[in-house]
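Visitor: the following comprises the amino acid sequence and a computationally predicted model.
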Amino acid sequence: MAGPRPVVLSGPSGAGKSTLLKRLMKDYEGVFGFSVSHTTRNPRPGEVDGKGLSSLPMLLGAVLLPVADVLSSESSPDYHFTTREKMQEGIDKGEFIENAEFSGNLYGTSKSAIEDVKAKNLICILDVDIQGVKNIKETDLNPIYISVQPPSMEILEKRLRDRQTETEDSLQKRLDAARTDMELSNEPGMFDLVIVNDDLEAAYDQLKSALMEEIQKVQDAKNVMAGPRPVVLSGPSGAGKSTLLKRLMKDYEGVFGFSVSHTTRNPRPGEVDGKDYHFTTRENVQEGIDKGEFIENAEFSGNMYGTSKSAIEDVQAQNLICILDVDIQGVKNIKETDLNPIYISVQPPSMEILEKRLRDRQTETEDSLQKRLDAARTDMELSNEPGMFDLVIVNDDLEAAYDQLKSALMEEIQKVQDAKDYTSSSTPAVWCVVHIKQYGV
Ligand SMILES: Nc1ncnc2c1ncn2[C@@H]1O[C@H](COP(=O)(O)OP(=O)(O)OP(=O)(O)O)[C@@H](O)[C@H]1O
Ligand SMILES: Nc1nc2c(ncn2[C@@H]2O[C@H](COP(=O)(O)O)[C@@H](O)[C@H]2O)c(=O)[nH]1
């Protein structure tokens, strides 16, 4: 995958680049990254050497713009502070995309400063002066070139004076540089977009629109890599959860993974250990719970049931939608964790129909059937509590219930399918990004 194009933002000192950038970074957190320049000048108090890429903008370009162009007065800029010898060595070795002398010091943009941002699949922002723009045009960086211009020299001067960051001397230097910048920025082909920053809202909208395609690229990639949300399916025993689930897993093979619970009940005919449940003893489950290996557990109908963390992790590591079939206690317990699933309850049309379905299934003794019906009454009541479930499906007509379930999960299904397409067209390294979460109960 190509990744988003970098953005070269230029324009006279005081034109408003940093104001626009800060807003953009705030509105689109985790989408942009700034390249960190090298400099031979000494760090100013508060400046940090080689601060992370998510820091505020660094300056690049042949002529270094003052820190205040990019940062508010209370913010601190960061550089890779280095020696002239070391920097020259890097330049000689071809490690810099561009460099310049400014005010007796050497400044430059290393290739790795840009690569560091690009490696995170973020939009790399280079804030450079007009010479920087020209130098970058000689490279194969292929950024989007945007110039931010003031409405007039008079307004620029006023903005710079009002900002109170310059001495008279540096202010005049900036105004001189601004004249050249304003002239050059109009050269045909120099910029993809020239924004005249008169009204800030309008300027911001222009900047945002120009970058929307790249922003979308980053957001799409993030969605793909974030993995699908798990699904908690609950509802009275006999309501039809397994019936719906089986159909879903058959229709969307390779999209869902079942979180295999532990239970102390006996296997029913046809049930497979490790597939339907981990059939185990009360002692074993308790030991696991004591060791913190379970995300939740509950007593149901005289037996112990529980979801181990590894049951979920096994599914999520495969980037599948993890399905948890748990009772209402399980729902409540999972709400205390950071699993963030979609909560769906499957309810029977009535107690009478539920009883009939359970009897017809012929899996219960009279005793366990009564226990399940008791639990069902509580379940039916609780499932109507506001905020308990994202969706309550009344499973009367199976087709209609299935359609509801499918629709509710379509966004997550799409994510898995997109991720499959993405990885088949991407490097295998993408699959190494498997995040195993720790769930705090
Ligand atoms: N809409 C429906 N109409 C008629 N019968 C149904 C419907 N949905 C499910 N059933 C039948 O009801 C019985 C109970 O369904 P199922 O086993 O899927 O319930 P469950 O919610 O998974 O129960 P448990 O929680 O005990 O596993 C099954 O025999 C199933 O075939
Ligand atoms: N809290 C949990 N409930 C679970 C878990 N696994 C299943 N269940 C629920 O138990 C009842 C009975 O299941 P059955 O297979 O004996 O019919 C059912 O409603 C399930 O939702 C679990 O790990 N935790």
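Guide: Arrived safely, thanks for sending. Ligands and ions are numbered 1, 2, ... in the order given.

Visitor: so who does the most centrally placed residue in the chain touch?
Guide: Per Cα atoms, centre = their mean, the C-alpha nearest to the average position across the chain is that of residue 222, at 4.7 Å. Shown in contact with residue 222 (Cβ atoms under 8 Å, 6 or more residues apart in numbering): residue 30. C-beta coordinates here come from the backbone N, C-alpha and C atoms, glycine included.

Visitor: and it, how far from ligand 2?
Guide: According to Cβ to the nearest ligand atom, to the nearest Å, residue 222 stands 31 Å off from ligand 2.

Visitor: so which strand or helix has that residue?
Guide: helix 200-226 (DSSP states H and E).

Visitor: show the residue spans covered by the helices in the stretch 201-350 of the chain.
Guide: 241-251, 282-290, 309-316, 328-334 (DSSP state H, counting those that start in this stretch).

Visitor: now swap in the stretch 51-200 of the chain and tell me
Guide: For the stretch 51-200 of the chain, the helices defined by DSSP H, counting those that start in this stretch cover 67-70, 84-92, 111-119, 130-137, 153-163, 168-185, 200-226.

Visitor: residue 11 is nearest to which of these?
Guide: helix 168-185 (6.5 Å; Cβ to Cβ).

Visitor: output stretch 116-126 in CSV with nothing but the alpha carbons.
Guide: Output in CSV follows, covering the C-alpha atoms of stretch 116-126 (Å, rounded to 0.1, in the frame of the first residue of the first chain):
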residue,chain,number,x,y,z
ASP,A,116,9.8,7.7,10.8
VAL,A,117,6.5,9.4,10.2
LYS,A,118,5.7,7.5,7.1
ALA,A,119,6.5,4.2,8.7
LYS,A,120,3.6,4.9,11.1
ASN,A,121,1.4,5.4,8.0
LEU,A,122,0.8,9.0,9.1
ILE,A,123,0.6,12.1,6.9
CYS,A,124,4.0,13.6,7.2
ILE,A,125,3.9,17.4,7.5
LEU,A,126,6.9,19.4,6.4
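
Visitor: for the residue of the stretch 151-300 of the chain found nearest ligand 2, the count of nearby residues, please.
Guide: Per Cβ to the nearest ligand atom, residue 261 is where the stretch 151-300 of the chain lies closest to ligand 2, at 3.0 Å. Counted with other Cβ atoms under 10 Å, residues neighbouring residue 261 total 22.

Visitor: show the pLDDT at it.
Guide: Looking at residue 261, its pLDDT reads 98.

Visitor: how about residue 278?
Guide: Per-residue confidence (pLDDT) for residue 278: 98.

Visitor: residues touching it, list them.
Guide: Contacts of residue 278 by Cβ under 8 Å, 6+ apart are 260-263, 308, 311.

Visitor: which strand residues bridge it?
Guide: residue 262 (DSSP bridges).

Visitor: the residue of the stretch 151-300 of the chain closest to ligand 2 contacts residue 303, doesn't it?
Guide: No. Contact criterion Cβ atoms under 8 Å: residue 261 and residue 303 do not qualify, at 11.0 Å.

Visitor: residues touching the residue nearest to residue 258 when sequence neighbours are not counted, list them.
Guide: Distances taken as Cβ to Cβ, 6 or more residues apart in numbering put residue 323 closest to residue 258, at 5.2 Å, once the chain neighbours are dropped. Applying Cβ under 8 Å, 6+ apart, one finds that residue 323 lies in contact with 230-231, 233, 245, 249, 256-259, 315.

Visitor: go again with 6 Å.
Guide: Contacts for residue 323 were tallied using Cβ atoms under 6 Å, 6 or more residues apart in numbering; they are 231, 256, 258.

Visitor: switch the helices of the stretch 51-200 of the chain over to JSON lines; also include mean pLDDT and distance to ligand 1.
Guide: JSON lines is the format used below for the helices of the stretch 51-200 of the chain (pLDDT from 0 to 100; distance: least, Cβ to the nearest ligand atom, whole Å):
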{"stretch": "helix 67-70", "mean pLDDT": "34", "distance to ligand 1": "59"}
{"stretch": "helix 84-92", "mean pLDDT": "96", "distance to ligand 1": "64"}
{"stretch": "helix 111-119", "mean pLDDT": "91", "distance to ligand 1": "46"}
{"stretch": "helix 130-137", "mean pLDDT": "91", "distance to ligand 1": "61"}
{"stretch": "helix 153-163", "mean pLDDT": "93", "distance to ligand 1": "66"}
{"stretch": "helix 168-185", "mean pLDDT": "90", "distance to ligand 1": "67"}
{"stretch": "helix 200-226", "mean pLDDT": "91", "distance to ligand 1": "29"}
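
Visitor: wait, residue 124 touches residue 115, no?
Guide: No. Using Cβ atoms under 6 Å as the test, residue 124 is too far from residue 115 to be in contact (8.7 Å).

Visitor: if you count what's nearby, which of those two comes out ahead?
Guide: Comparing residue 124 with residue 115 by other Cβ under 10 Å, the one with more neighbours is residue 124, at 25 against 13.

Visitor: for the more buried one, name its beta-bridge partners.
Guide: residue 33.

Visitor: okay, it: pLDDT?
Guide: 94.

Visitor: for it, what are its contacts?
Guide: Applying Cβ under 6 Å, 6+ apart, we find residue 124 in contact with 6, 33, 35, 114, 117-118.

Visitor: how close does the residue lying closest to residue 141 once chain neighbours are set aside get to residue 13?
Guide: Among residues not flanking residue 141 along the chain, residue 6 sits closest, at 5.9 Å (Cβ to Cβ, 6+ apart). Distance of residue 6 to residue 13, computed by Cβ to Cβ, to the nearest Å: 21 Å.

Visitor: out of the two, which sits in the busier spot?
Guide: Between residue 6 and residue 13, counted using other Cβ under 10 Å, the more crowded position is residue 13 (28 against 22).

Visitor: tell me the SS of that one?
Guide: With DSSP: H, G, I helix; E, B strand; the rest coil as the basis, residue 13 sits in coil.

Visitor: is it in contact with residue 174, as I believe?
Guide: Yes. With contacts counted by Cβ under 6 Å, residue 13 reaches residue 174, the gap being 4.3 Å.

Visitor: now distance to residue 366 and mean neighbour count too, for the helices of the stretch 201-350 of the chain, in TSV please.
Guide: Shown next, in TSV, are these (distance: least, Cβ to Cβ, whole Å; neighbours: other Cβ atoms under 10 Å):
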stretch	distance to residue 366	mean neighbour count
helix 241-251	22	16
helix 282-290	23	14
helix 309-316	31	20
helix 328-334	23	21
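
Visitor: tell me which of the ones you listed lies nearest to residue 418.
Guide: helix 309-316 (16.5 Å).
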